[in-house]
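# Below is the structure, and that's it, no one-letter string:
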């Protein structure tokens, strides 16, 4: 499983990355959390607001900082 956090490095983007990493650790799954800061790479996902959460290539959330619990729900869904 591949989890990507799209954002240019703002505080919200960093918080979402930390929350995603915490969710992965709490679930004990073998997922990689990758931070994507290159605007050209972010644009490939056609997101209009960051931070955005992408799981296995599919955009699951944009424009908000999800809690670790909310990230866990998306990982199980």
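Received it, and whenever you're ready, just let me know what you need. Every value quoted in this text rests on a predicted model; they were computed, and no experiment measured them. Residues are numbered from 1 along each chain as shown.
# Now do the strands in the chain.
Remark: strands assigned in the chain by DSSP state E are 2-6, 32-36, 52-55, 58-62.
# The nearest residue to residue 17 once chain neighbours are set aside pairs with what?
Excluding the flanking residues, the one nearest residue 17 by Cβ to Cβ, 6 or more residues apart in numbering is residue 5, at 4.5 Å. Where C-beta positions appear, they are placed from N, C-alpha and C, glycine not excepted. Beta bridges link residue 5 to residue 35, residue 53, judged by DSSP bridges.
# Compute the distance from the centre of stretch 62-69 to the centre of its chain.
Computed by Cα atoms, centre = their mean, to the nearest Å, the chain-centroid distance of stretch 62-69 equals 8 Å.
# Mind listing what's buried along that stretch?
62, 65, 66, 68 (16 or more other Cβ atoms under 10 Å).
# and if you look at stretch 17-33?
17, 19, 20, 21, 22, 23, 24, 31, 33.
# check contacts around the nearest residue in space to the fifth one that is not next to it in sequence.
This points to residue 22. Using Cβ to Cβ, 6+ apart and skipping the chain neighbours, the partner closest in space to residue 22 is residue 68 (4.3 Å). With contacts defined as Cβ atoms under 8 Å, 6 or more residues apart in numbering, residue 68 is in contact with 19, 20, 22, 23, 26.
# Then residue 9?
By Cβ under 8 Å, 6+ apart, the residues touching residue 9 are residue 37.
# now the one 3 residues further on
For residue 12, the contact set (Cβ under 8 Å, 6+ apart) comprises 50, 51, 65.
# for the second one, phi and psi?
To tie it back to what came earlier, the one meant is residue 51. The phi/psi pair for residue 51 (degrees, to the nearest 10) reads phi -70, psi 160.
# right, and it touches residue 71 too?
No - assessed by Cβ atoms under 8 Å, residue 51 is found out of contact with residue 71, at 11.5 Å.
# quick one: residue 8 from residue 62, how far?
As for residue 8, its distance to residue 62 is 14 Å (criterion: Cβ to Cβ, to the nearest Å).
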